[in-house]
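[1] can't give you the sequence, but here's the structure:
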């Protein structure tokens, strides 16, 4: 159970923080909602709490509540490219039974 970060995602996040003049070195992984494909995760500026797992990668600290780490077996922060577009993507290592189109009626 851990947080892994790829170098390209870290570089992109540093660039975004610099462009927006956001002076932080700590980013929180959080559950931002549930969709047809299961849980969705995102990043936000925050401070570490005692209940967090904290991982430092190239000058950035990534934190996530330990209960989420236990539930999803950890997270990867990746830079994903599709065609001419790219961006930072947070992925749980194990979404278990919480994914699939049966979670909502919008696809039927």
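    Great, that's in hand. Everything numeric here is computed off the predicted structure, so don't read it as measured data.
[2] Check the offset of the longest helix along the chain from the chain's centre.
    Longest helix of the chain, by residue count under DSSP state H: helix 7-19. When distances are taken as CA atoms, centre = their mean, to the nearest Å, helix 7-19 is centred 14 Å away from the chain's centroid.
[3] counting contacts, what elements does that helix pack onto?
    With contacts taken as 3 or more CB pairs under 8 Å, 6 or more residues apart in numbering; DSSP states H and E, helix 7-19 sits against strand 60-65, strand 74-82, strand 85-92. No exception for glycine: its C-beta is placed from N, CA and C like everyone else's.
[4] one more time with 10 Å, if that's ok
    strand 38-45, strand 52-57, strand 60-65, strand 74-82, strand 85-92 (3 or more CB pairs under 10 Å, 6 or more residues apart in numbering; DSSP states H and E).
[5] beta partners for the spatially most central residue of the chain?
    Nearest to the mean C-alpha position of the chain, counting by CA atoms, centre = their mean, stands residue 90 at 3.1 Å. As for beta bridges, residue 90 partners with residue 77 under DSSP bridges.
[6] Against residue 52, how distant is it?
    As judged by CB to CB, to the nearest Å, residue 90 and residue 52 stand 15 Å apart.
[7] do the same with residue 25
    Residue 25 is 14 Å from residue 52, by CB to CB.
[8] the more surrounded of those two?
    residue 52 (21 against 11; other CB atoms under 10 Å).
[9] so what's the nearest residue to that one once chain neighbours are set aside bridging to?
    Using CB to CB, 6 or more residues apart in numbering and skipping the chain neighbours, the partner closest in space to residue 52 is residue 63 (4.3 Å). For residue 63, the beta-bridge partners under DSSP bridges are residue 28, residue 54.
[10] Fine, thanks again, bye for now.
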